[in-house]
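Participant: Pasting a predicted model and its sequence here:
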Amino acid sequence: MTDAQHHDVDVLIVGAGPTGLYAGYYAGFRGLRIAIADMLELPGGQITALYPEKKIFDVAGFPEVLGRELVDRLVKQVEPFNPIWILGTRVDGLARNDERWDVTLSSGATVTTTIVVITGGIGTFEPRALPVGREYEGRGLIYYVPQPQALAGKRVVIVGGGDSAFDWALALEPICPSVALVHRRDAFRAHEHTIDLVTNSSTKIITNAEVTGISGEDNLTSVEITTKSGEVINHEADVVVAALGFVAHLGPLAEWGLEMSKRTIITDSSMRTNLPGVFAAGDITEYPGKVRLISVGFGEAALAVNNAMTVIDPTKSAFPGHSSENS
């Protein structure tokens, strides 16, 4: 997150998943000043948090693309327009100020903006915490692995039994001296083929057990694992990946006065909400015929930003022109 405490922009994008990143590109392409905010500390939303190593097959122009590669390309696409990144911070309050919006953040920072584009996917996305060891966050305890190579040479303990836990075990086993996977049951939720691959690798699988302690003077060096039978295992480790899933909720967005249907925001065909200057795109939106796909989110992002352009400057057209004409 940037150190500055106040930002004045044309467009604030709430949500740094694929839809939000593409909205940032289009806002930059239209010459607008942009800020992109997200509760997670890295861009990419659910892809970064849950399946960076999974292949995605339904993005136009890519027969297949790894999740993290798609995020990297989207970040590269928006970066020439110098977005202000406001990451690891929750967007809290929204207050009207003449023709603009004052937005408050959980960090205490503020943003003044003409347009808000909500691209929050399924809402605020927070990791489920381990019952122990929160004090080691940033010192060895992490919740997702966007770049497996960053953990090369580390001794890793992964906690969880779902797809993310097994995907990361598979990615880390060739580059780490030791990988252990701890799960509180003896049955897993991951894809059967991935389970077979991990089971037949050097990864140590410890079932019917939980992590009951983390220790280390400065950084994490040891993990205490207790089995249901009462056996206590002290396992040397440099990193614990708590792959226990994420909790999604709308958080303060639910108090902004948006017209909603359950957990989604009602928009029109221009991606406008019922609030002036507030648009939405991606999985968080609802309208007749809605289809929740990344490719649809990209189109909605373009619709939202280009229609927002006419709010910022009524002399402008919603049609952005063809990007190829700028080459």
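Facilitator: Done, it's in. Numbers count the residues shown, from 1 in each chain.
Participant: Do a quick rundown of the helices in the stretch 101-250 of the chain.
Facilitator: Taking DSSP state H, counting those that start in this stretch, the helices of the stretch 101-250 of the chain run over residues 163-172, 192-199.
Participant: Out of the ones you listed, indicate the one that is most buried.
Facilitator: Among the helices of the stretch 101-250 of the chain, judged by mean count of other C-beta atoms under 10 Å, the one packed with the most neighbours on average is helix 163-172 (a mean of 24). (C-beta placed from N, C-alpha, C; glycine too.)
Participant: That one versus helix 192-199: what angle between them?
Facilitator: Computed by axes from the mean of the first three to the mean of the last three C-alpha atoms, to 10 degrees, the angle separating helix 163-172 from helix 192-199 equals 40 degrees.
Participant: Just the mean pLDDT for helix 163-172, thanks.
Facilitator: The pLDDT scores in helix 163-172 average 92.
Participant: what do you get for stretch 271-288?
Facilitator: 97.
Participant: Can you point out the buried residues in that stretch?
Facilitator: Using 16 or more other C-beta atoms under 10 Å as the test for burial, stretch 271-288 gives 271-273, 275, 277-286.
Participant: how about the helices of the stretch 101-250 of the chain in JSON lines, adding distance to residue 157?
Facilitator: As requested, these are exported to JSON lines (distance: least, C-beta to C-beta, whole Å):
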{"stretch": "helix 163-172", "distance to residue 157": "10"}
{"stretch": "helix 192-199", "distance to residue 157": "14"}
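Participant: closest one to residue 317 among these?
Facilitator: helix 163-172 (43.4 Å; C-beta to C-beta).
Participant: Run the chain-centre distance for that closest one.
Facilitator: For helix 163-172, the separation from the chain centroid amounts to 18 Å (computed by C-alpha atoms, centre = their mean, to the nearest Å).
Participant: Quick one: closest of the helices of the stretch 101-250 of the chain to residue 91.
Facilitator: Checked against C-beta to C-beta, the stretch from the helices of the stretch 101-250 of the chain lying closest is helix 163-172, at 25.3 Å.
Participant: looking just at contacts, which helices and strands does the closest one meet?
Facilitator: Counting contacts by 3 or more C-beta pairs under 8 Å, 6 or more residues apart in numbering; DSSP states H and E, helix 163-172 is packed against strand 155-159, strand 178-182, helix 192-199.
Participant: I'd like these written out as a markdown table, with mean pLDDT and distance to residue 54 added.
Facilitator: Output for these, formatted as a markdown table (pLDDT from 0 to 100; distance: least, C-beta to C-beta, whole Å):
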| stretch | mean pLDDT | distance to residue 54 |
| --- | --- | --- |
| strand 155-159 | 97 | 16 |
| strand 178-182 | 97 | 18 |
| helix 192-199 | 94 | 10 |
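Participant: Which neighbouring elements make contact with the longest helix along the chain?
Facilitator: The longest helix of the chain (DSSP state H) is helix 294-312. In terms of contacts (3+ C-beta pairs under 8 Å, 6+ apart), helix 294-312 is packed against strand 6-14, helix 18-29, strand 110-118, strand 278-280.
Participant: Which SSE is immediately downstream of the longest one?
Facilitator: Toward the C-terminus, helix 18-29 is succeeded by strand 34-38 as the next helix or strand (DSSP states H and E).
Participant: What separation do you get for the spatially closest residue to residue 97 that is not a sequence neighbour and residue 199?
Facilitator: Sequence neighbours aside, residue 112 is the residue nearest to residue 97 in space, at 6.9 Å (criterion: C-beta to C-beta, 6 or more residues apart in numbering). Separation of residue 112 from residue 199 (C-beta to C-beta, to the nearest Å): 54 Å.
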